[in-house]
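**Q** just to be clear, the model below is a prediction. Sequence and coordinates:
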Amino acid sequence: MAETRMGSKKQKSETTYNKEMAQVQPNWGGMDDNLLQHVFRFLPTKDLIHSATLVCHNWKLACWEFLFWKDHETLDISSLRTLLGPRKPLLKGLKYVMKLDTKEGCCPVRIRNIIFSTHLDMKFYHLAFVAKRSPKLRTLVLPGACDITMDLISTIIKKNWGELEELSLGPLAHDCSDRFFQRISNCKNLTRLHIFGSPLSSTASRTHFILDENNASIIAEHLLQLRVFNIDGTKLHKFGVETLLSECKNLTELNLRHCRGVVDPPISFLILTPKMKLLRKTLTVKIKSGSVKNCTKTWFTCSSGDSSLCTAEELVNQLWTGDVEEIVRFKLQIFTKLNLI
C-alpha cells in the first residue's frame with residue numbers, strides 16, 4: 001500500500017514538473033521580429049536555410065522574409081539560385097518566395113520592385129510566373145537575361161508591367177532593340193532606363209546592341225518620359241549619342257559606364273564588314289542637362305573639371321577624340337580543300 005502511494009506521489013510530482021517546465025520554456029514562434037532579424041544577421045546564409053527554417057513555421061517565414069524581402073515592396077531574389085542549388089527547380093523556389101501567406105500578409109499584388117541576378121538562369125516561364133503576380137511593378141532589375149529573347153521580355157512588360165517607372169536589363173541584342181523600345185512604349189511612367197552590355201570582348205558580334213542613330217530616334221519617339229538613361233558596357237555611335245541628347249525632350253541625365261565609341265560611319269552598320277573601328281579609350285562619363293539657349297538644349301559633363309555648357313554636337317565631338325583601334329566584328333568562315341595523300 002505504501003508502494004502504491006509512493007508511486008502515485010512520484011507520478012503527481014512528474015506531472016507538476018512538466019507543467020512548470022512548459023510555462024518557463026521559451027515560445028520560439030512568439031519571438032519578437034526585430035530580435036529575430038538581429039539574430040539572423042549573425043548566421044551564415046546556409047544555416048538560415050538548413051537550420052533556422054526548421055525551428056518552427058514563424059521562423060521559416062521570417063528567414064525567407066529576411067533573405068528576399070528588402071522591405072514590404074521590394075523582392076530581391078538575386079541569391080535564390082545559390083540557395084536552392086543546381087538541382088532544385090527555380091520555379092519551386094519562386095512559388096515559395098511569392099506565397100500569399102507571408103509573415104506580414106504581404107500579397108504579391110503589392111510588390112513594387114523586383115531584383116533578379118545574372119546567376120538565376122531565368123527562362124521565359126519563370127519571368128511570366130513572376131509577372132502575373134506583380135501587376136503593379138514599378139522597378140525591374142533583370143541583368144543577364146540571355147536565355148529570354150527581347151521580344152518575349154517586351155511582350156511580358158507590355159502585358160503585365162505597364163506601370164513600370166524604372167527598368168534595368170541586358171544584354172540587349174541589336175537586331176531586335178528597335179522593336180523592344182517600341183513595344184514598351186505603353187509604360188507611360190518609365191523615367192529611368194538602364195541597359196547592360198559587354199563591349200570589352202575581343203570580338204564585336206553584329207547582334208550586340210549598339211546605340212546608333214536609329215535606336216536613339218526610336219527611344220526619343222516612344223519613351224517620351226525618359227529622364228535618366230544609364231548605358232553600361234555598350235558600344236555607342238557618336239551620332240546615336242548626339243541624337244539621344246537632341247531629341248529626348250525630357251532627358252536630364254545620361255550616364256555612360258565602360259562604353260566604347262564607334263568611329264565607323266553609320267552606313268557601315270548596314271554592310272556586313274568583318275571589322276569595326278572603335279575608340280581605344282573607354283567612355284565613363286556623366287552628362288547632365290543645362291539651360292536652353294536659342295531653343296537649343298545645352299549639356300555639361302560632371303566627371304571632368306570643365307563644366308561649361310555646350311550643345312549635343314559639341315559635347316560628342318569632345319568625347320570622340322583619341323586613338324582608334326580595329327576589332328573583329330565577326331569571323332569569316334573560310335572553306336579550304338583538304339589534299340589527301
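**A** Sure thing, it's come through. Here the structure is a predicted model, which is why all the values come from computation and not from measurement.

**Q** let's see the pLDDT reported for residue 24.
**A** At residue 24, the predicted lDDT confidence score is 45.

**Q** residue 271 now?
**A** Looking at residue 271, the pLDDT reads 52.

**Q** now do residue 301
**A** The model's pLDDT for residue 301 equals 91.

**Q** now do the same contact list for it.
**A** Counting by C-beta atoms under 8 Å, 6 or more residues apart in numbering, residue 301 makes contact with 285-288, 307, 315. No exception for glycine: its C-beta is placed from N, CA and C like everyone else's.

**Q** for residue 244, state which of the residues you listed is nearest.
**A** residue 287 (9.7 Å; C-beta to C-beta).

**Q** can you tell me the closest non-neighbouring residue to the closest one?
**A** residue 254 (4.3 Å; C-beta to C-beta, 6 or more residues apart in numbering).

**Q** before we move on, what about residue 246?
**A** residue 312 (4.7 Å).

**Q** which regions of the stretch 51-200 of the chain sit below the pLDDT cut-off?
**A** 99-109, 198-200 (pLDDT under 70).

**Q** let's see it at 80
**A** Residues of the stretch 51-200 of the chain that meet the criterion pLDDT under 80 lie in 51-66, 70-72, 79, 81-88, 96-110, 118-121, 144-147, 173-175, 198-200.

**Q** isn't the residue nearest to residue 246 right up against residue 297?
**A** Yes. Between residue 312 and residue 297 there is a contact under C-beta atoms under 8 Å: 7.2 Å.

**Q** give me the ChimeraX select line for the contacts of residue 301, limited to the buried ones.
**A** Only the buried entries of the contacts of residue 301 go into this ChimeraX selection, using 16 or more other C-beta atoms under 10 Å:
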select :285,287,315
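
**Q** pLDDT, secondary structure and distance to residue 32 for the contacts of residue 301 - can I get that in CSV?
**A** Shown next, in CSV, are the contacts of residue 301 (pLDDT from 0 to 100; DSSP: H, G, I helix; E, B strand; the rest coil; distance: C-beta to C-beta, whole Å):
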residue, pLDDT, secondary structure, distance to residue 32
285, 93, strand, 49
286, 94, strand, 44
287, 94, strand, 49
288, 94, strand, 46
307, 72, coil, 51
315, 94, helix, 55
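
**Q** can you give me the helices in the chain?
**A** Counting by DSSP state H, the chain has helices at residues 2-24, 33-40, 45-50, 57-68, 80-84, 90-97, 124-132, 150-160, 177-183, 213-222, 238-247, 312-319.

**Q** so which of these is the most packed in?
**A** Across these, the average number of neighbours (mean count of other C-beta atoms under 10 Å) peaks for helix 238-247, which reaches a mean of 22.

**Q** between that helix and helix 213-222, how many degrees?
**A** Angle between the axes of helix 238-247 and helix 213-222 is 20 degrees (criterion: axes from the mean of the first three to the mean of the last three C-alpha atoms, to 10 degrees).
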